[in-house]
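Undergrad: heads up, no residue letters with this:
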């Protein structure tokens, strides 16, 4: 970059930072403006030369046939804008932050393992912590949540480890909140673990994370190998670290000694740690601990700390530690040291360092820390995954293919690049010795992010398959692809989907359900719900149904009986999950509007119409009952937490797009509410073709929200395209009469 261009770029980036900071208490969600500023300065076009002609509004002008229709005009401008953000490998990047307990874990583990964060990373991490601090001095579980003990203590510790003094105004404000709300003794269990690893919480204050559980026979329903994989791989390295309970050099540092005095309202040495095991701040508590769970913890606590059990521990512990570190290292290898998610990433790194600080595993972990870091105008954060690359790309491809003739004519290189990413990100092999490490098949699936990460997910596999078919089996778009993904690879994906269907007809996320819902009684986390097993979900099931239906049209002779049977069983599951008011509860985004789209899509894919399917009609009626007067829909994240529809304080672009997309696909006969929704989306579009970021739209485990930054553009374009097609079909039908 030449010096004059660099100077202007720095000024523009600084302006986005200042604007966000001034407005952070009104809008805590960033707009990913650093990425957009780089695009505005044509840096991505310079890298991705093949898209230059498509992303330049002076060259690729809105076609005359769309210029008189506001909705289709906005759709075209949105696609053109999105093409400026596409990377050279064909994916769309974006912020996938939101949870506020992720980055502190990384900072704590980097401190313990003597892993350097450079001065610029530390500077931007501090910026993020300051920007996300609530008015009362605390931090929440996520960026829009009220202050919690978990969020406040962990981010206070992170701020101090990044170099802030105890007298720093932000640290001082946070410390007052901590002490006023019961002090750090009341931090939830995940926080207790990180503090204990750092040396500022005694291990006796934790409920046991007994590694011997991994040596139990697998046929037991409580074997950790039967847990939901995210739960399993988080508690796996925790069990190793807890079982080892190795004292680290970092515990002798001045900062650790200072934190011991700052975090508690009584002298650290006088705290009765055994009484803190069930001590959880009331504002953090989402899941109550049943008596049966407490009985189990008490038995394990006796095993861990009683001198009577010392000989048995001495006999069993070496085998348990050997098995847990073996499982940890397998997870590392199979994900190229990225790990399934950010929490087990940093704890795996800690476990490897405790096992052998000079090992190659530790260095490989350090090399892949950067995969999780993202820089926006609000600062640097740790993402909830190593990105959402495949997920976002698959949705954008499907949106663009809805108007395939338009995409062929005006955005062919964008489509070609996206197809290249679909090809490169498909998982081609199973993990080695999969049953030994509690893994199922992976071959043929698509992951959420990258092939390097590699964990397959049912809905990602399905959306990847649909996106591929939208290009390769579309008469217009297929002409752009010289090397299509071969049929055998698509067959592998279908095999993956079919093999993952549960007994109830639905699909879970990463694996078929392995145990029973009663295992939730043992949920050790106070802040999350439904984490113990991999349940069937409306969204995952809908993705699988729609993918199989699309595949059946393109390849009608491949396993047709199995495919149609799976669709039929899946639709029964979808109908069984519909509430009496016509709604579906969404588990992976906010919330009833999101699941409503998935539920409606699944029914339509099975051949249902408004005239023949009461479930479809009732689903549409539910959505229409929540429409605002200005044509929008606005749903609060509290819908996910409370499991009842809660209106947002204003109309939301993403919720509105989901509903317009649903009603257009269902061909709702009354166009007036759809026209109003279209007008709302058009009115919110920015002059450059982007849409503004509003409230957070993603969720996991009922209670924690997460960012999907590309939803605002992807689904607005998709909804406008679907409505454009619906209007054209209506006009053609009327003309033929």
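TA: Sure, I can see it. Small disclaimer: the values here were computed from a predicted structure and weren't measured.
Undergrad: hey, where'd the strands end up in the stretch 51-200 of the chain?
TA: Here the stretch 51-200 of the chain has its strands, by DSSP state E, counting those that start in this stretch, at 139-140, 147-148.
Undergrad: quick one: distance of the last one to the chain centre.
TA: Relative to its parent chain, strand 147-148 has a centroid offset of 21 Å by CA atoms, centre = their mean, to the nearest Å.
Undergrad: tell me the mean pLDDT for that strand?
TA: Along strand 147-148, the predicted local confidence has a mean pLDDT of 98.
Undergrad: swap in stretch 328-339?
TA: Averaging the model's pLDDT scores along stretch 328-339 yields 98.
Undergrad: over to stretch 308-319?
TA: Model confidence over stretch 308-319 averages 97 on the pLDDT scale.
Undergrad: and the contacts of it?
TA: Taking CB atoms under 8 Å, 6 or more residues apart in numbering as the criterion, the residues outside stretch 308-319 that touch it are 211, 212, 215, 243, 302, 303, 304. (Glycine included, C-beta is placed from N, CA and C.)
Undergrad: burial check on the third one, number of neighbours?
TA: The reference is to residue 215. 14 (other CB atoms under 10 Å).
Undergrad: how much space between it and residue 299?
TA: From residue 215 across to residue 299, the span is 16 Å (CB to CB, to the nearest Å).
Undergrad: again with residue 504
TA: 33 Å.
Undergrad: over to residue 384?
TA: Spatial separation of residue 384 from residue 299 under the definition CB to CB is 34 Å.
Undergrad: those two: which is more packed in?
TA: Each of residue 384 and residue 299 had its neighbours counted (other CB under 10 Å), and the higher figure belongs to residue 384 (25 against 12).
Undergrad: now residue 311: how far from residue 542?
TA: Distance of residue 311 to residue 542, computed by CB to CB: 54 Å.
Undergrad: so the two - more neighbours on which side?
TA: Between residue 311 and residue 542, counted using other CB under 10 Å, residue 542 has the larger neighbour count: 28 against 9.
Undergrad: list the buried ones in the helix or strand harbouring that one?
TA: Element membership of residue 542, judged by DSSP states H and E, is helix 538-554. With burial defined by 16 or more other CB atoms under 10 Å, the residues of helix 538-554 counted as buried are 538-552.
Undergrad: after it comes which helix or strand?
TA: Per DSSP H and E, helix 538-554 leads on to helix 560-577 as the next helix or strand towards the C-terminus.
Undergrad: for the next helix or strand after that next one, packing partners?
TA: Counting by DSSP H and E, the element after helix 560-577 in chain order, helix or strand, is helix 592-605. If you count contacts as 3 or more CB pairs under 8 Å, 6 or more residues apart in numbering; DSSP states H and E, helix 592-605 packs onto helix 538-554, helix 560-577, helix 614-625, strand 633-635, helix 653-666.
Undergrad: quick check: angle from helix 592-605 to helix 653-666?
TA: With axes from the mean of the first three to the mean of the last three CA atoms, to 10 degrees defining the directions, helix 592-605 sits at 20 degrees from helix 653-666.
Undergrad: pLDDT score for the closest residue to residue 694 other than its chain neighbours?
TA: Distance criterion CB to CB, 6 or more residues apart in numbering; nearest residue to residue 694, sequence neighbours excluded, is residue 652 at 5.3 Å. We note a pLDDT of 98 for residue 652 in this prediction.
Undergrad: just residue 43 next, same as before
TA: Residue 43 is assigned 75 on the pLDDT scale.
Undergrad: returning to that earlier point: tell me the one of the buried residues of helix 538-554 nearest residue 479?
TA: Checking the buried residues of helix 538-554 against residue 479 by CB to CB gives residue 550 as the nearest, at 19.4 Å.
Undergrad: mind listing what the closest one touches?
TA: Contact partners of residue 550, counting by CB under 8 Å, 6+ apart, are 465, 466, 469, 605.
Undergrad: what about 6 Å?
TA: Residue 550 makes contacts with 466, 469, as judged by CB atoms under 6 Å, 6 or more residues apart in numbering.
Undergrad: repeat for residue 421
TA: The neighbours of residue 421, taking CB under 6 Å, 6+ apart as the test, are 89, 90, 91, 393.
Undergrad: rerun at 10 Å
TA: 86-92, 389-390, 393-394, 397, 450, 464, 467 (CB atoms under 10 Å, 6 or more residues apart in numbering).
Undergrad: quick one: which of those residues is nearest residue 497?
TA: Nearest to residue 497, judged by CB to CB, of those is residue 464 at 10.7 Å.
Undergrad: right, I'll leave it there.
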